[in-house]
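Enquirer: Take this sequence and fold it.
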Amino acid sequence: MPFIYHEDDGDMDDLAGRQVSLIGYGHLGRPMALNLRDSGVAVVVGTRGEDSREQARADGFEATTIEDAVRRGQIIFMLLPDEVMPPFYLEQVSPYLQRDDMLVFGSAYNIAFGFIEAPAFVDVGLLAPRLTGAAVRERYASGAGYCSFVSIGQDASGQAWRRLLGLARAAGALRGGAIEVSFEQETELDLFAQQVVMPIMQHVIQKAAQLLISRGYPPEAVLTELYLSGEFAHYLQQAEQVGLLPALKQTSLTSQYGTFSRLDRFNDLKLERLMEVTLDEIHNGRFAQEWVKEAADGYRRLNHLAKSQEDLELFELEQQALDLLGRSDEFSG
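Expert: This is a model prediction of the structure:
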């Protein structure tokens, strides 16, 4: 069984005398920087562009170029987007690494697929929250904590685990439990959830909404029942705390019977095979190569696919429902 680390397993004293340089100030970089600072860790932020540098400075951080941040740091926390990280690493990070430095990645993607190869004289660690950046910050601030994956890919110093867990504690990543996995496992689990679980949920909700609306049910009522009410989100929140089955058993007997008695109707062998195919594409690197080509092509297919979804009538009805519920201004992206 994998080892799970908790708050007492990390000691921020293991960061003493080591400058943390955080590379990237985007959706995860900013929350991580704020969490580390609130835990008393001095952070230097290195960014790709002046806009993000100014944002970091406005938040009270010392912000500089990537090269300068790497030169000054001994713990280099890499939080650039996966698809753009390799050239920045090659040109602006790798040349300035020193013996006994530690590279920490917020995603194992580039290490797992060989797009980045660290030199033998540095430690290599993984600190990968299992939530979005906004939730990482919210749960740190509330004291609730969040789950994360941790790993050591290379221990050149003999102190890699101590330093990684010290960083994880400062970031709030041990409060909800940090599960030890390999770099490959983190990457493949992450991509599997994105490419199997999310598409299935999106597809089922869309098809259910289309069926109900076509049968004459009011769109606002349909979308509220399916997800806008937050009932299903609350069920998943309960499952996060107590597990799927105990959460379901907190619903009405009618709901329990309806779920249990209809489960087998959706036991589709074709669906299982599609899951296997998708996992194989992830494991053998085919998706990683596809994503390299997509990024090099300026995300043309991604933009086309997103546009085709935006044009669906369902999402016009969704916006109308959000307007009627008074929620359209609650989230600005």
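Enquirer: Only C-alpha atoms from now on, for both contacts and neighbour counts.
Expert: Noted.
Enquirer: ok, residue 310 - how many residues close by?
Expert: Residue 310: 12 surrounding residues under other Cα atoms under 10 Å.
Enquirer: residue boundaries of the strands in the stretch 1-150 of the chain?
Expert: 4-5, 20-23, 43-47, 62-65, 75-78, 102-105, 123-129, 148-154 (DSSP state E, counting those that start in this stretch).
Enquirer: Quick one, which of those strands gets closest to residue 222.
Expert: Closest approach to residue 222 among these is made by strand 123-129 (33.5 Å; Cα to Cα).
Enquirer: With just CA atoms, put that closest one into PDB.
Expert: C-alpha atoms of strand 123-129 as PDB (Å, rounded to 0.1, in the frame of the first residue of the first chain):
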ATOM      1  CA  ASP A 123      17.200  16.300  -6.100                       C
ATOM      2  CA  VAL A 124      13.900  15.900  -8.000                       C
ATOM      3  CA  GLY A 125      10.600  15.900  -6.100                       C
ATOM      4  CA  LEU A 126       6.900  16.100  -6.900                       C
ATOM      5  CA  LEU A 127       4.300  18.000  -4.900                       C
ATOM      6  CA  ALA A 128       1.000  17.800  -6.900                       C
ATOM      7  CA  PRO A 129      -2.200  19.000  -5.300                       C
END
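Enquirer: Pull up the pairing partners for it, direction included.
Expert: Applying DSSP bridges, strand 123-129 is found paired with strand 102-105 (parallel), strand 148-154 (antiparallel).
Enquirer: could those go into TSV alongside mean neighbour count and mean pLDDT?
Expert: Shown next, in TSV, are these (neighbours: other Cα atoms under 10 Å; pLDDT from 0 to 100):
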stretch	mean neighbour count	mean pLDDT
strand 102-105	26	98
strand 148-154	24	97
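Enquirer: What residues sit buried inside the helix or strand hosting residue 233?
Expert: Following DSSP states H and E, one finds residue 233 within helix 231-242. Using 16 or more other Cα atoms under 10 Å as the burial criterion, the residues of helix 231-242 that qualify are 235-236, 238.
Enquirer: before we move on, back to that, using JSON lines, lay out the strands paired with strand 123-129 together with distance to residue 61.
Expert: Shown next, in JSON lines, are the strands paired with strand 123-129 (distance: least, Cα to Cα, whole Å):
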{"stretch": "strand 102-105", "distance to residue 61": "20"}
{"stretch": "strand 148-154", "distance to residue 61": "25"}
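Enquirer: Now tabulate the strands of the stretch 1-150 of the chain in TSV and tack on distance to residue 176.
Expert: Listed next are the strands of the stretch 1-150 of the chain as TSV, based on distance: least, Cα to Cα, whole Å:
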stretch	distance to residue 176
strand 4-5	9
strand 20-23	22
strand 43-47	23
strand 62-65	29
strand 75-78	21
strand 102-105	19
strand 123-129	10
strand 148-154	8
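Enquirer: closest to residue 324 out of those?
Expert: The closest of these to residue 324 is strand 123-129. By Cα to Cα, the value is 35.0 Å.
Enquirer: returning to that earlier point: can you list the residues that contact the helix or strand following the helix holding residue 233?
Expert: Note on helix 231-242: by DSSP H and E, the next helix or strand toward the C-terminus is helix 244-248. Contacts to helix 244-248, defined as Cα atoms under 8 Å, 6 or more residues apart in numbering, come from residues 235-236, 238-239, 256.
Enquirer: Would you map the helices across the stretch 151-300 of the chain?
Expert: 160-170, 183-192, 198-214, 219-223, 231-242, 244-248, 253-262, 269-283, 286-296, 300-310 (DSSP state H, counting those that start in this stretch).
Enquirer: how far off helix 269-283 does the third one point, in degrees?
Expert: Right, helix 198-214. Helix 198-214 and helix 269-283 meet at an angle of 140 degrees, taking axes from the mean of the first three to the mean of the last three Cα atoms, to 10 degrees as the criterion.
Enquirer: which one in the protein is furthest away from the centre?
Expert: residue 216 (38.4 Å; Cα atoms, centre = their mean).
Enquirer: Just the pLDDT at that residue, thanks.
Expert: With respect to pLDDT, residue 216 scores 96.
Enquirer: Quick check: the gap between it and residue 205.
Expert: With distances defined as Cα to Cα, to the nearest Å, the gap from residue 216 to residue 205 amounts to 17 Å.
Enquirer: can you check residue 195 too?
Expert: 16 Å.
Enquirer: Then residue 13?
Expert: Taking Cα to Cα, one finds residue 13 at 48 Å from residue 205.
Enquirer: cool, residue 281 as well?
Expert: Noted for residue 281: a distance of 25 Å to residue 205, by Cα to Cα.
Enquirer: tell me the domain boundaries of the protein?
Expert: Following automatic domain parsing, the chain resolves into domains at 4-181, 186-325.
Enquirer: circling back: out of the strands paired with strand 123-129, which comes closest to residue 68?
Expert: strand 102-105 (15.4 Å).
Enquirer: Kindly format the C-alpha coordinates of that closest one as CSV.
Expert: Written as CSV, here are the backbone C-alpha positions of strand 102-105 (Å, rounded to 0.1, in the frame of the first residue of the first chain):
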residue,chain,number,x,y,z
MET,A,102,16.2,20.6,-5.5
LEU,A,103,13.8,20.7,-8.4
VAL,A,104,10.1,20.3,-7.3
PHE,A,105,7.4,19.9,-9.9
